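Participant: A structural model of the following input is requested.
(2 chains)
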Amino acid sequence: NAGVTQTPKFQVLKTGQSMTLQCAQDMNHEYMSWYRQDPGMGLRLIHYSVGAGITDQGEVPNGYNVSRSTTEDFPLRLLSAAPSQTSVYFCASSYMATLNTEAFFGQGTRLTVV
Amino acid sequence: TQLLEQSPQFLSIQEGENLTVYCNSSSVFSSLQWYRQEPGEGPVLLVTVVTGGEVKKLKRLTFQFGDARKDSSLHITAAQPGDTGLYLCAGSNAGGTSYGKLTFGQGTILTVHP
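Facilitator: The predicted model follows:
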């Protein structure tokens, strides 16, 4: 059972560089989302998707792009990395149909922008 | 924007002590979830409460959803070192694309000393 798989686990970028964080799930979940986790701030929603071809902005979308070409994959792109984007990033997936839906999280990507 | 205030932010206790973590909001949520996160891992669901006044027990952990569905608490009886971790509350609302969208509290870092 792979669940939600994120790659890479660690990344160091220079300011201005771009990169893509990968996220894949094998549970056929409609809903996928990206969060960033910073000390004392819990998890904040960056972007989310309710199905292939549909994406929307969360609470902190600036500087990030997403796409959802398949049900399984939901990559997060950093267009021009900034030190403020240093954080731990989590991808999550869940069924949408019920109120009791459980969010399954990947192991996270620790990103440092220098 | 719905907010969840979680308190305390840090808890350091001795094995065998009891503790309570609170999660409060001025907004109503359709459901409230509690997650536990260990270092280097993503959050893992502990419980979901959906009915005002609902109480759920998971071994030594007791979860309560407020009557007005604006607050929740997590009580741990006789804490053990294995309970150490980050505890997160998260609220969601029913309807449309909101099912999977979670609003997280800031988290409580619990350390239980042997």
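Participant: chain A contacts on chain B?
Facilitator: B:1, B:4, B:6, B:9, B:30-31, B:33, B:35, B:40-45, B:48, B:50, B:88, B:90, B:92, B:94, B:97, B:99-107 (Cβ under 8 Å from any Cβ of the partner chain). Where you see a C-beta, it was placed from the backbone N, CA and C, and this is true even at glycine.
Participant: what are the bridge partners for the residue in chain A positioned nearest to chain B, then?
Facilitator: As assessed by Cβ to the nearest Cβ, chain B sits closest to residue A:105 within chain A, at 2.9 Å. For residue A:105, the beta-bridge partners are residue A:92 (DSSP bridges).
Participant: what score does it have for pLDDT?
Facilitator: On pLDDT, residue A:105 comes in at 96.
Participant: residue of chain B nearest chain A, please.
Facilitator: Relative to chain A, the nearest point of chain B is residue B:42 (2.9 Å; Cβ to the nearest Cβ).
Participant: residues contacting the closest residue to that residue other than its chain neighbours?
Facilitator: Closest residue to residue B:42 apart from its sequence neighbours, by Cβ to Cβ, 6 or more residues apart in numbering or on different chains: residue A:105 at 2.9 Å. Shown in contact with residue A:105 (Cβ atoms under 8 Å, 6 or more residues apart in numbering or on different chains): A:4, A:90, A:91, A:92, B:42, B:43, B:44.
Participant: swap in residue A:93?
Facilitator: Residues near residue A:93 by Cβ under 8 Å, 6+ apart: A:4, A:25, A:27, A:29, A:31, A:32, A:33, A:74, A:103, A:104.
Participant: try residue B:58
Facilitator: B:46, B:47.
Participant: helices and strands around the lowest-mean-pLDDT helix or strand in chain B, which ones?
Facilitator: Lowest mean confidence among the helices and strands of chain B (mean pLDDT, DSSP states H and E): strand B:103-104, at a mean of 92. Strand B:103-104 is packed against strand A:43-51, strand B:85-92, with contacts defined by 3 or more Cβ pairs under 8 Å, 6 or more residues apart in numbering or on different chains; DSSP states H and E.
Participant: next one: the shortest one to chain centre, how far?
Facilitator: Put plainly, it is strand B:85-92. Distance, stretch centre to chain centre, for strand B:85-92: 5 Å (Cα atoms, centre = their mean, to the nearest Å).
Participant: direction included, what does that strand pair against?
Facilitator: As defined by DSSP bridges, the strand partners of strand B:85-92 come to strand B:31-37 (antiparallel), strand B:103-104 (antiparallel), strand B:108-113 (antiparallel).
Participant: ok, the closest residue to residue B:51 other than its chain neighbours to residue B:107 distance?
Facilitator: Of all residues not flanking residue B:51 in the chain, residue B:65 sits nearest, at 6.7 Å (Cβ to Cβ, 6+ apart). Using Cβ to Cβ, to the nearest Å, residue B:65 is found at 19 Å from residue B:107.
Participant: ok, residue A:86 next?
Facilitator: On the measure of Cβ to Cβ, residue A:86 and residue B:107 end up 18 Å apart.
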